[in-house]
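Participant: Compute the structure for the input listed below.
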Amino acid sequence: MRVLHVITGLGVGGAEQQLRLLLRQLPATCDVVTLTNPGAVAEGLTADGVEVKHLGMAGNRDLSALPRLTRLIRQGRYDLVHTHLYRACLYGRAAARIAGVRAVVATEHSLGAATIEGRPLGAGVRALYLASERLGTSTVAVSATIARRLREWGVPARRIHVVPNGIDATRFRFDPVVRSQARTLLALPQDAYVIGGVGRLVAGKRFDTLIRALPHLPGAQLLLVGGGEQEAALRALAARLGVAGRVRFAGECAYEGASGGLDLPTLLAAMDVLASPSVDEAFGLAVVEGLAAGLPVVYATCPAVDDLPPGQAPGAVRADAAGFTDALRAVRDSSAGRLPVPPAVEHYTIAAAAARLTAVYEAALHGTTPVLNQRDQRVPTDPSVTSGVSAR
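Facilitator: This is a model prediction of the structure:
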């Protein structure tokens, strides 16, 4: 099976790094085309032996990208085209159909309650999305929550398949030696209580909540992992509140192989609690990674946890905006060090995600309904999703 993955960009991000992990597991010959920004993840894919092509798209309305992408698909003689992220879905589905590819799968990574990939969900965005969706064979939702939102938008349930994100949990296994080394590199005191936040530094992630909490948590340090447009504003807020010396900005971080050893598992090792204050998450990958690292987690919303049966993530505490500081304080006061990796993490292995996605591919190629293996069938599904693919 020859598969072309079309993605909007390949800078450091959850969808981009998820693609790299999946390509290591999929039983298919895969190439990747990025419309823009062949960044750090493109370099990682190339190192993995994946051919990455840059389309050089100038902007959202660069219609010349459509015939270029169509020619590329025809020349590659792909059996299936898989698109990721909003712009790539719009252009990739259309190009695949024009090129004559009948099997077209799209993954919806970032459909929030009010935004999609950070852009407001206006009528125009929704209309374009739905028009494009009809050109595809099926749409993959990374959580049951996204599947529900897609149905509410009008996407037929039979076209929606839930394939959760996955992680390589072994990479996040806690190592006290790595913890000590990471704190030294970050100039964090070895005995400090470190609150961590992982994600793009944009308004929707609400990392200002964590900075505002610091004056009420004496001695606590904050480690923010990610880059984005809000970094300057967050630095200014920390200075205004008198806590600038207790906040570390680690910058963008690769899932693995970062220079100086500060990849994501290493940075998680330096933390004592992971905090996710965003109220509009599509999956909550950072929460799952934190749990895999043995961290207690305080979160505002996380479909990856909330879609599971109760008791699967005992180390995860849900808190609203008003109670976030109190929840962090309670976790700190009751902390007993690293926690056992909870059952929730076992639901989200990258191997399971790849197996489910392979079933979706086979169904798209043959016009059938995806069939899961016995392990997947033991996991309860969202009863309103009729595709046959497990929600967890």
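
Participant: CA atoms for contacts and neighbours, from now on please.
Facilitator: Fine.

Participant: neighbours around the nearest residue to residue 71 once chain neighbours are set aside, how many?
Facilitator: Of all residues not flanking residue 71 in the chain, residue 99 sits nearest, at 7.3 Å (CA to CA, 6 or more residues apart in numbering). Counted with other CA atoms under 10 Å, the neighbours of residue 99 add up to 19.

Participant: Could you do the one 3 residues further on as well?
Facilitator: Residues near residue 102, counting by other CA under 10 Å, number 19.

Participant: what is the mean pLDDT for stretch 250-257?
Facilitator: Throughout stretch 250-257, pLDDT has a mean value of 76.

Participant: Hmm, I typed the wrong one, I wanted stretch 26-33.
Facilitator: 97.

Participant: Go through it and flag the buried ones.
Facilitator: 26, 30, 31, 32, 33 (16 or more other CA atoms under 10 Å).

Participant: cool, and stretch 234-243?
Facilitator: 234, 235, 237, 238, 243.

Participant: ok, now which ones touch residue 89?
Facilitator: By CA atoms under 8 Å, 6 or more residues apart in numbering, the residues touching residue 89 are 6, 7, 83, 106, 132.

Participant: Which pLDDT value does the model give it?
Facilitator: 95.

Participant: what's the domain layout of the chain?
Facilitator: 2-166+349-377, 169-345 (automatic domain parsing).

Participant: returning to what we had before: wait, which of the buried residues of stretch 234-243 is closest to residue 361?
Facilitator: residue 234 (42.5 Å; CA to CA).

Participant: how close does the closest residue in space to that closest one that isn't next to it in sequence get to residue 237?
Facilitator: Counting by CA to CA, 6+ apart, residue 208 is the residue found nearest to residue 234 once chain neighbours are left out, at 6.3 Å. Distance of residue 208 to residue 237, given as CA to CA, to the nearest Å: 8 Å.

Participant: returning to what we had before: could I get the contacting residues of the residue nearest to residue 71?
Facilitator: Taking CA under 8 Å, 6+ apart as the test, what residue 99 contacts is 70, 71, 73, 74.

Participant: now residue 198
Facilitator: Applying CA under 8 Å, 6+ apart, the residues near residue 198 are 224, 225, 226, 274, 276, 286.

Participant: One more: residue 16?
Facilitator: Contacts of residue 16 (CA under 8 Å, 6+ apart): 7, 9, 10, 41.

Participant: can you do 7 Å?
Facilitator: 10, 41 (CA atoms under 7 Å, 6 or more residues apart in numbering).

Participant: What of the one 4 residues further on?
Facilitator: Under the criterion of CA under 7 Å, 6+ apart, the contact list for residue 20 reads residue 45.

Participant: roughly how far is the helix or strand that contains it from the heart of the chain?
Facilitator: Using DSSP states H and E, residue 20 maps to helix 14-23. Mean-position distance between helix 14-23 and its chain equals 8 Å (CA atoms, centre = their mean, to the nearest Å).

Participant: got it, and stretch 112-127?
Facilitator: That offset, for stretch 112-127, works out to 18 Å (CA atoms, centre = their mean).

Participant: Could you pull up the mean pLDDT of it?
Facilitator: 80.

Participant: quick check, nearest of the contacts of residue 89 to residue 173?
Facilitator: Nearest to residue 173 among the contacts of residue 89, with distances taken as CA to CA, is residue 7, at 29.8 Å.

Participant: Got phi/psi on that closest one?
Facilitator: Torsion angles at residue 7 (phi, psi; degrees, to the nearest 10) stand at phi -130, psi 150.

Participant: and it, how far is that from residue 226?
Facilitator: 20 Å.

Participant: So which of the two has more stuff around it?
Facilitator: residue 7 (25 against 20).

Participant: Now do the same contact list for the more buried one.
Facilitator: With CA under 7 Å, 6+ apart, residue 7 has these contacts: 33, 34, 35, 83, 84, 85, 88.

Participant: Just list whatever residues bridge to the closest residue to the fifth one other than its chain neighbours.
Facilitator: Spatial nearest neighbour of residue 84, excluding adjacent residues (CA to CA, 6+ apart): residue 7 at 4.8 Å. Beta-bridge pairing of residue 7 under DSSP bridges involves residue 34, residue 84.

Participant: Can you report how many residues lie near the residue nearest to residue 108 when sequence neighbours are not counted?
Facilitator: Take residue 108 and drop its neighbours on the chain: the residue closest to it by CA to CA, 6+ apart is residue 141, 5.1 Å away. For residue 141, the neighbour count with other CA under 10 Å is 27.

Participant: Dig out what residue 141 forms beta bridges with.
Facilitator: Applying DSSP bridges, one finds that residue 141 bridges with residue 108, residue 162.

Participant: That one against residue 162, yeah?
Facilitator: Yes - if you go by CA atoms under 7 Å, residue 141 and residue 162 touch, sitting 4.8 Å apart.

Participant: Quick one: the helices in the stretch 1-150 of the chain, in order.
Facilitator: 14-23, 40-47, 65-76, 86-98, 123-133, 144-153 (DSSP state H, counting those that start in this stretch).

Participant: out of the ones you listed, which comes closest to residue 113?
Facilitator: Nearest of the helices of the stretch 1-150 of the chain (CA to CA): helix 144-153, 7.6 Å.

Participant: Any regions of the stretch 151-300 of the chain where pLDDT drops low?
Facilitator: 254-261 (pLDDT under 70).

Participant: at 50 instead, please
Facilitator: Residues of the stretch 151-300 of the chain meeting the criterion pLDDT under 50: 258-260.

Participant: Show me where the stretch 151-300 of the chain has its strands.
Facilitator: Using DSSP state E, counting those that start in this stretch, the strands of the stretch 151-300 of the chain run over 160-162, 194-198, 221-225, 247-251, 273-276, 297-299.
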